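Enquirer: Below is the structure, and that's it, no one-letter string:
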């Protein structure tokens, strides 16, 4: 048994065996003698040429920042139990999860099935939402820090995590983190942000579908050079996940997918277009049959003259209103019972909806294609920023579509529609 394996931390955490090593430290299987439970213990490794003053700063920052994740309580983030300083080194005591990492699965199986990657991405977004709401950035998201315990996906190793407003734990000449998965702006020396964690998630999902990260070049300098000067090759195996991955890998943080947008695109990729799901629903097929029967009976009753008149009215250009409405549009759920229902025609549908006169904001954001939002307050004010991108029902009545880029305002009283 090595000297390290005989070590007991804080008189209670006993090292049992080494689990693995990484660039920033060693992970041990341990045992909490006080509570009689198995734990994982991360021993952080310091750069060799730090001065004594720099070591003190490193210890203080590590202790403060490693304790931060202990406040996070979610199924998708490893639970942190304790942080101690022993033999001049920081040690993080965590929940022991005996499960393979995403990196191990990629090495063993190569590119993973899209459904599994989508599930991993969704759970990772859940974990990041909790961390970012608490002001904590992970800074080292990569496949080896994602554990897969059955259906549970766990983000681990917050050893490099920083809270908003804290200084970076770096020193000139030292690169903290994993070059193949670090966001371009962080590699260039900027402070970590939620957007940089999302970039690292994109690189992780890219590796899961392609088998290798987008900028891996074999050594640190070549990888960082590619990260700074090249564009990622489009993923070949991403399928429906391609818009999510490429959106997260935008080098400009302003153009990168936000958390909410990434969730929307990922869920859309998983579920597919809603219209396609309706076509496979037996209730939808039955409704179509009844609709065709009703249409046949009605056409026989109204006679040929009325049919000809209807065809003439639907000729292109015959009516300005006809040019901006879709007579065969299917009514969304809730259109007959809610004061306002909006369905996105495409991804440009953006809304701002308030209730009453007190600017009680009900919705402010964008919808992806086929998304539906329902509002049923007594008084509503709505702004549709692109009236060609949104279908609007006011008290059960479909409003005319506008032109691309045309903004429309709606003032709505329950059962008394008005538009301006």
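Expert: Okay, I see it. All values derive from a computational prediction rather than experimental measurement.
Enquirer: quick one: low-confidence ranges for the stretch 301-420 of the chain?
Expert: Within the stretch 301-420 of the chain, the ranges that satisfy pLDDT under 70 run 301-328, 356-361, 416-420.
Enquirer: mind listing the strands for it?
Expert: Applying DSSP state E, counting those that start in this stretch to the stretch 301-420 of the chain gives strands spanning 340-344, 349-355, 360-367, 372-375, 379-384, 390-394, 397-398, 408-413.
Enquirer: What pairs with the fifth one, parallel or antiparallel?
Expert: Going back to what we said before, that points to strand 379-384. strand 349-355 (antiparallel), strand 408-413 (antiparallel) (DSSP bridges).
Enquirer: how about the ones you listed in CSV, adding distance to residue 220 and mean neighbour count?
Expert: For glycine as for every other residue, the C-beta is placed from the backbone atoms N, C-alpha and C. Formatted as CSV, the strands paired with strand 379-384 follow (distance: least, Cβ to Cβ, whole Å; neighbours: other Cβ atoms under 10 Å):
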stretch, distance to residue 220, mean neighbour count
strand 349-355, 42, 20
strand 408-413, 53, 17
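Enquirer: Next, format those strands as TSV and append distance to residue 27.
Expert: What follows is the strands paired with strand 379-384, written out as TSV (distance: least, Cβ to Cβ, whole Å):
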stretch	distance to residue 27
strand 349-355	46
strand 408-413	57
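Enquirer: closest to residue 13 out of the ones you listed?
Expert: Closest to residue 13 of these is strand 349-355 (Cβ to Cβ; 52.3 Å).
Enquirer: about what we covered before: nearest to residue 221, out of the strands paired with strand 379-384?
Expert: Closest among these, using Cβ to Cβ: strand 349-355, at 43.1 Å.
Enquirer: between that closest one and strand 360-367, how many degrees?
Expert: Counting by axes from the mean of the first three to the mean of the last three Cα atoms, to 10 degrees, strand 349-355 lies at 170 degrees to strand 360-367.
Enquirer: between strand 349-355 and strand 390-394, what angle do the directions make?
Expert: Going by the same axes, to 10 degrees, strand 349-355 makes 30 degrees with strand 390-394.
Enquirer: ok, and what's touching strand 349-355?
Expert: Contact with strand 349-355 is made by 340, 342-343, 360-367, 369, 371, 373, 375, 377, 379-386, 389-390, as judged by Cβ atoms under 8 Å, 6 or more residues apart in numbering.
Enquirer: if we go to 10 Å?
Expert: For strand 349-355, contacts defined as Cβ atoms under 10 Å, 6 or more residues apart in numbering pick out 339-340, 342-344, 360-371, 373, 375-392, 407, 409-410, 412.
Enquirer: Of those residues, grab the buried ones for ChimeraX.
Expert: To isolate the buried ones among the contacts of strand 349-355 in ChimeraX, judged by 16 or more other Cβ atoms under 10 Å, type:
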select :339,340,342,343,344,362,366,367,369,370,371,373,375,377,380,381,382,384,385,386,387,388,389,390,391,392,410,412
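Enquirer: so which of the strands of the stretch 301-420 of the chain gets nearest residue 129?
Expert: strand 360-367 (15.5 Å).
Enquirer: sorry, back to before: between the strands of the stretch 301-420 of the chain, which gets nearest to residue 76?
Expert: strand 360-367 (23.8 Å).
Enquirer: picking up where we left off before, now the strands of the stretch 301-420 of the chain in TSV, with distance to residue 106?
Expert: Converted to TSV, the strands of the stretch 301-420 of the chain look like this (distance: least, Cβ to Cβ, whole Å):
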stretch	distance to residue 106
strand 340-344	35
strand 349-355	37
strand 360-367	33
strand 372-375	37
strand 379-384	44
strand 390-394	41
strand 397-398	49
strand 408-413	49
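Enquirer: Quick one: closest of the ones you listed to residue 127.
Expert: Nearest of the strands of the stretch 301-420 of the chain (Cβ to Cβ): strand 360-367, 22.2 Å.
Enquirer: What is the distance between the closest one and the centre of its chain?
Expert: Distance, stretch centre to chain centre, for strand 360-367: 19 Å (Cα atoms, centre = their mean, to the nearest Å).
Enquirer: So which of the strands of the stretch 301-420 of the chain is nearest residue 130?
Expert: With Cβ to Cβ as the criterion, residue 130 lies closest to strand 360-367 of those, at 20.4 Å.
Enquirer: tell me the angle of that closest one relative to strand 340-344?
Expert: Using the same axes, to 10 degrees: strand 360-367 against strand 340-344 is 20 degrees.
Enquirer: what are the pairing partners of strand 360-367, and which direction each?
Expert: Sheet pairing for strand 360-367, using DSSP bridges, gives strand 349-355 (antiparallel).
Enquirer: returning to what we had before: what's the closest of the strands paired with strand 379-384 to residue 35?
Expert: Of these, nearest to residue 35 by Cβ to Cβ is strand 349-355, at 50.6 Å.
Enquirer: Any idea which helix or strand in this structure has the lowest mean pLDDT?
Expert: helix 320-323 (a mean of 38; mean pLDDT, DSSP states H and E).
Enquirer: For residue 262, grab phi and psi.
Expert: Backbone torsions of residue 262, given as degrees, to the nearest 10, read phi -60, psi -40.
Enquirer: quick one: it from residue 129, how far?
Expert: Using Cβ to Cβ, to the nearest Å, residue 262 is found at 10 Å from residue 129.
Enquirer: So which of these two has more stuff around it?
Expert: Each of residue 262 and residue 129 has its neighbours counted (other Cβ atoms under 10 Å); residue 262 has more, 25 against 16.
Enquirer: pretty sure that one contacts residue 246?
Expert: No: under the criterion of Cβ atoms under 10 Å, residue 262 is not in contact with residue 246, lying 11.3 Å apart.
Enquirer: residues bridging contact with those two, i.e. touching both?
Expert: Between them, residue 262 and residue 246 share the contacting residues residue 202, judged by Cβ under 10 Å, 6+ apart.
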